[in-house]
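Trainee: Here you go, sequence then predicted model.
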Amino acid sequence: MPSASAATRTTLPELPPRNPAHHPLRLLEKARKDGKPLFVSAPMVRYSKLPFRALVRDYGVDVCYTPMILAKEFVRHQKARVADFSTSESDRPLVVQFAASMPTDFARAAEMVMPYCDGVNLNCGCPQSWAIQEGVGCAMMGKPEDVAAMVKAVKERCGKEFCVSVKIRVHRNIEETLRFVSLVEGAGVDYITVHGRTRSQRSSIPPNLDAIRAVKQHATVPVLANGDVFTLRDALHISSYTGVDGVMAARGLLTNPCLFAGFEKTPWGALERFLDYAFKMNVPFAVTVHHVGEMMEEMVTRKERARMVENCRNIVQLVEWLDERFVLKRKGEEGWSEGVDVPRKEVHKKAEVQEVPDVGNLTIQNDVVQVS
Ligand SMILES: Cc1cc2nc3c(=O)[nH]c(=O)nc-3n(C[C@H](O)[C@H](O)[C@H](O)COP(=O)(O)O)c2cc1C
């Protein structure tokens, strides 16, 4: 087992060696034997951090991804490593996602995180203009030879056993996607995740399940499907329609981290559990309140959510705000994390019926949460 580089070791605790049973290919095998698709929590910039990963693991997620990390910065700057990556002994199985355009950066970054995770993934799907300008994310969809070179570089540097995967979008011409898949397979990729939208399609457009099915039929390595998994039913439908080996969810898990456990809506207990993790694990308050707002989407009106965001400046104020309106149990109290229905206090029920819920998005700009 190679050891962490000195630079990485100064920021992360010594963790036990990787458990071979957590290798994503072993997990895929196990899921197949269990007769179910592998359930995966997607990479999400800002959000798929330690407390969120801990929460979704408690509710049926088999593998978690970190948010996308820029490999170029990660390998060059200690500050970037500290800011972008944190983990713990129980944070497994874990895949670390990088955005990179150079094989050396991707391979070096993979080597640095190798002792702390079960695989690395290359983001070939980020459609944001800054990513395209940097030549990363979905810019890589037009450069399959470069992606193949990056996969190969990781295998050469970290060894064949270390898991390398890619997360792609589909091209308008499916033949181009299949050619892409063949090239990265030739380079030794272990599995492929397909987000069934093209680089210009917004997330309001349904994913192209036929394109995902075509990739699955063509590929010799396992395939995960991504796009519009909001319930367990969606996950099972997508996997049986496309024949894939696993399904990955992003927005669905943000609003309902318990979807893979079969909950149709976020159970109240999950919120109590999340707050406990957020207290213990260090994330910016803006991220914590964003998660709480997402999870409470169907529990409170938009106005109430906006007020929560406006009035709470730290986690203590957030808990006070919740305490005023709901029965919020603390860890150790009987029934903590077990509640399903929203335990709204009588005095606040009036507010609940008077306000009509409407659509609203919470976004973060410069670490301040805004409602639009
Ligand atoms: C808030 C947010 C952050 C995201 N960050 C990343 C990321 O870091 N890397 C990545 O490959 N995709 C990222 N995505 C895309 C998702 O992983 C996923 O491919 C996409 O949302 C489609 O899945 P869904 O329909 O389940 O949301 C992000 C999506 C959201 C909503």
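Mentor: Done, it's in. Numbers count the residues shown, from 1 in each chain.
Trainee: OK, contacts around residue 218?
Mentor: 178, 181, 182 (C-beta atoms under 8 Å, 6 or more residues apart in numbering). (Each C-beta comes from the backbone N, C-alpha and C, glycine too.)
Trainee: separation between the first one and residue 234?
Mentor: Residue 178 sits 25 Å away from residue 234, going by C-beta to C-beta, to the nearest Å.
Trainee: Check the second one too.
Mentor: As defined by C-beta to C-beta, residue 181 lies at a distance of 24 Å from residue 234.
Trainee: and residue 52, how many neighbours?
Mentor: Residue neighbour count, defined by other C-beta atoms under 10 Å, stands at 27 for residue 52.
Trainee: who are the neighbours in contact with residue 22?
Mentor: 92, 93, 118.
Trainee: which regions of the chain sit below the pLDDT cut-off?
Mentor: Within the chain, the segments meeting pLDDT under 70 span 1-13, 348-372.
Trainee: Residues contacting the longest helix along it, please?
Mentor: The helix that spans the most residues within the chain, counting by DSSP state H, is helix 144-158. Residues outside helix 144-158 that contact it (C-beta under 8 Å, 6+ apart) are 2, 100-104, 106-108, 110-111, 114, 120, 122, 124, 140, 162, 164, 166, 179-180, 183-184, 186-189.
Trainee: Kindly recompute the last result at 7 Å.
Mentor: If you take C-beta atoms under 7 Å, 6 or more residues apart in numbering as the criterion, helix 144-158 is touched by 100, 103-104, 106-107, 110-111, 114, 120, 122, 124, 140, 164, 166, 179-180, 183-184, 186-189.
Trainee: How many residues are close by the nearest residue to residue 335 once chain neighbours are set aside?
Mentor: Excluding the flanking residues, the one nearest residue 335 by C-beta to C-beta, 6 or more residues apart in numbering is residue 329, at 6.0 Å. Number of residues near residue 329 (other C-beta under 10 Å) recorded here: 19.
Trainee: Enumerate every residue touching residue 47.
Mentor: Applying C-beta under 7 Å, 6+ apart, the residues near residue 47 are 67, 254, 287, 291.
Trainee: What does it show for phi and psi?
Mentor: phi -100, psi -30 (degrees, to the nearest 10).
Trainee: tell me the secondary structure for residue 240?
Mentor: Classification of residue 240 using DSSP: H, G, I helix; E, B strand; the rest coil returns helix.
Trainee: sorry, back to before: which residue of residue 181 and residue 234 possesses the greater neighbour count?
Mentor: Per other C-beta under 10 Å, whichever of residue 181 and residue 234 has more neighbours is residue 181, with 24 against 16.
Trainee: Tell me the strands beside the helix or strand following the longest helix of the chain, with direction?
Mentor: Counting by DSSP states H and E, the next helix or strand C-terminal to helix 144-158 is strand 164-169. Applying DSSP bridges to the sheet, strand 164-169 is found paired with strand 119-124 (parallel), strand 191-195 (parallel).
Trainee: a markdown table for those, including distance to the ligand and mean neighbour count?
Mentor: As requested, the strands paired with strand 164-169 are exported to a markdown table (distance: least, C-beta to the nearest ligand atom, whole Å; neighbours: other C-beta atoms under 10 Å):
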| stretch | distance to the ligand | mean neighbour count |
| --- | --- | --- |
| strand 119-124 | 4 | 27 |
| strand 191-195 | 4 | 26 |
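Trainee: Same list (the ones you listed) but as a markdown table, adding distance to residue 306.
Mentor: Listed next are the strands paired with strand 164-169 as a markdown table, based on distance: least, C-beta to C-beta, whole Å:
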| stretch | distance to residue 306 |
| --- | --- |
| strand 119-124 | 32 |
| strand 191-195 | 31 |
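Trainee: Out of those, the one nearest residue 280 is which?
Mentor: Judged by C-beta to C-beta, the one of the strands paired with strand 164-169 that comes nearest to residue 280 is strand 119-124, at 25.8 Å.
Trainee: So what touches that closest one?
Mentor: Outside of strand 119-124, the residues within contact range by C-beta under 7 Å, 6+ apart are 24, 43, 65, 68, 95-100, 106, 110, 113, 136-138, 140-141, 147, 150, 154, 162-168.
Trainee: Try it again at 8 Å.
Mentor: 23-24, 43, 65, 68, 95-100, 106, 109-110, 113-114, 136-138, 140-141, 147, 150-151, 154, 162-169, 190, 193.
Trainee: Please check the residues you listed and keep the buried ones.
Mentor: Buried subset of these (neighbour count, 16 or more other C-beta atoms under 10 Å): 23-24, 43, 65, 68, 95-100, 106, 109-110, 113-114, 136-138, 140-141, 147, 150-151, 154, 162-169, 190, 193.
Trainee: quick one: contacts for residue 70?
Mentor: 80, 84, 98, 99, 100, 134, 136.
Trainee: rerun that using 10 Å as the cut-off
Mentor: Contact analysis of residue 70 by C-beta atoms under 10 Å, 6 or more residues apart in numbering lists 76-77, 80, 84, 98-100, 105, 109, 123, 131, 134, 136.
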